[in-house]
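Undergrad: here are the coordinates; sequence isn't available:
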Ligand code: ADP
């Protein structure tokens, strides 16, 4: 498998000499290997050849994050494919334990990342959230973007999955989005896009973020995602808020933003996420 990735890299003009590898557990979507090579240890993710665009978009996202020099991300070596498999080859990072100081640095550096703005919401290309397509059509208006390409898109998928009640109450919520944004301006900030506790780590005291679903949007969407499953120390939130204070109505908006990810989990995994999304929509409609 990893040998196929090395051969595919050669086709992309990246000549790697690799001698051994071991499989790595822990990915939710892809299989991964640690490969020893002449340019240092590599982290190689692979999936079906049909997922080539997903890896190309992840590579572009990591590069977009890297060029801000705000927060460390794994260096991209290349993405590629052959007839059977697609690959993403990254620098291998030896993660160690996180502590309060790493959390503090993450808060500071994420605020710096969120200080990088674009002209419009969205991105120059679509990508994926988990393995679900994420549409990034560039749009001037955040409410329109979030309503159509985030909640609306996931609700459509939910409806096709049989979640008719969910789709109906969700549509009602989408009609009322304006009221969650009264009196505030949202800037198109560069986002990690999938910042749950499993997508950050620490290497030699420095925070590292990886596996992004990059686009430009409300910075609070990243903060909302950090609170969905936990895994971020209090020092992270304290430092982040010193840099970027919350705006009025932030609590309700973060619930809207968590809803996007809960809907995505329903569409990916089903189970209790549908009922959770319905409860969230009910509470938001009543708020
Ligand atoms: P998936 O796309 O399948 O969710 P991830 O990118 O989240 O996979 O990676 C799976 C796991 O591998 C992560 O939880 C992390 O522990 C580890 N990992 C991710 N990127 C690297 C890297 N560049 N170097 C070393 N380990 C990594």
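TA: That came through fine. If you're wondering where the values come from, they're calculated on a predicted model, not measured in any experiment. Numbering: from 1, shown residues only.

Undergrad: Closest approach to the ligand from this structure, which residue is it?
TA: residue 27 (2.6 Å; Cβ to the nearest ligand atom). Just so you know, the C-beta spots here come from the backbone N, C-alpha and C atoms, and that holds for glycine as well.

Undergrad: what are the bridge partners for the residue lying closest to that residue once chain neighbours are set aside, then?
TA: Spatial nearest neighbour of residue 27, chain neighbours left out: residue 45 (6.8 Å); criterion: Cβ to Cβ, 6 or more residues apart in numbering. On the basis of DSSP bridges, residue 45 is bridged to residue 32, residue 88.

Undergrad: Would you check that residue 45 makes contact with residue 85?
TA: No - using Cβ atoms under 8 Å, residue 45 makes no contact with residue 85, being 10.3 Å away.

Undergrad: ok, the two, which is more surrounded?
TA: residue 45 (23 against 19; other Cβ atoms under 10 Å).

Undergrad: ok, now which ones touch the more buried one?
TA: 27, 30, 31, 32, 55, 87, 88, 90 (Cβ atoms under 8 Å, 6 or more residues apart in numbering).

Undergrad: Need the phi and psi values for the second one.
TA: Its backbone dihedrals place residue 30 at phi -120, psi 170, with angles given as degrees, to the nearest 10.

Undergrad: How about residue 133?
TA: Taking degrees, to the nearest 10 as the convention, residue 133 sits at phi -60, psi 140.

Undergrad: Repeat that for residue 38.
TA: For residue 38, the backbone dihedrals (degrees, to the nearest 10) come out as phi -70, psi -10.

Undergrad: what pLDDT does it get?
TA: pLDDT for residue 38: 94.

Undergrad: Adjust the sequence numbering to begin at 41 for everything that follows.
TA: Okay, residue one is now 41; in that scheme the one you just asked about reads as residue 78.

Undergrad: How many residues are close by it?
TA: 9.

Undergrad: Equivalent analysis for residue 191, please.
TA: Neighbourhood size, residue 191 [other Cβ under 10 Å]: 21.

Undergrad: was I right about it contacting residue 301?
TA: No - Residue 191 lies out of contact with residue 301 (Cβ under 8 Å); the separation is 10.9 Å.

Undergrad: The ligand contacts on this structure?
TA: Residues of the chain lying close to the ligand (Cβ under 6 Å from any ligand atom) are 64, 66-70, 72, 83, 85, 114, 130-133, 238-239, 250-251.

Undergrad: Narrow those residues to those in strands?
TA: Those of these mapping onto strands are 64, 72, 83, 85, 130, 131, per DSSP state E.

Undergrad: Buried subset of these as a ChimeraX selection?
TA: Here is the ChimeraX command that picks out the buried ones among these, judged by 16 or more other Cβ atoms under 10 Å:
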select :72,83,85,130
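
Undergrad: which is the next helix or strand following the helix ranked longest in the chain?
TA: The longest helix of the chain (DSSP state H) is helix 290-309. With elements assigned by DSSP states H and E, the helix or strand that comes after helix 290-309 is helix 313-326.

Undergrad: If we go by neighbour counts, what in that next one is buried?
TA: Buried residues in helix 313-326, counting neighbours by 16+ other Cβ under 10 Å, are found at 313, 314, 316, 317, 318, 320, 321, 324.

Undergrad: check contacts around the third one.
TA: Counting by Cβ under 8 Å, 6+ apart, residue 316 makes contact with 302, 306.

Undergrad: same question, the fourth one
TA: With Cβ under 8 Å, 6+ apart as the criterion, the residues that contact residue 317 are 198, 203, 206, 210, 299, 302, 303, 306.

Undergrad: Now for the fifth one, how many residues are close by?
TA: Read it as residue 299. By other Cβ under 10 Å, the residues close to residue 299 number 23.
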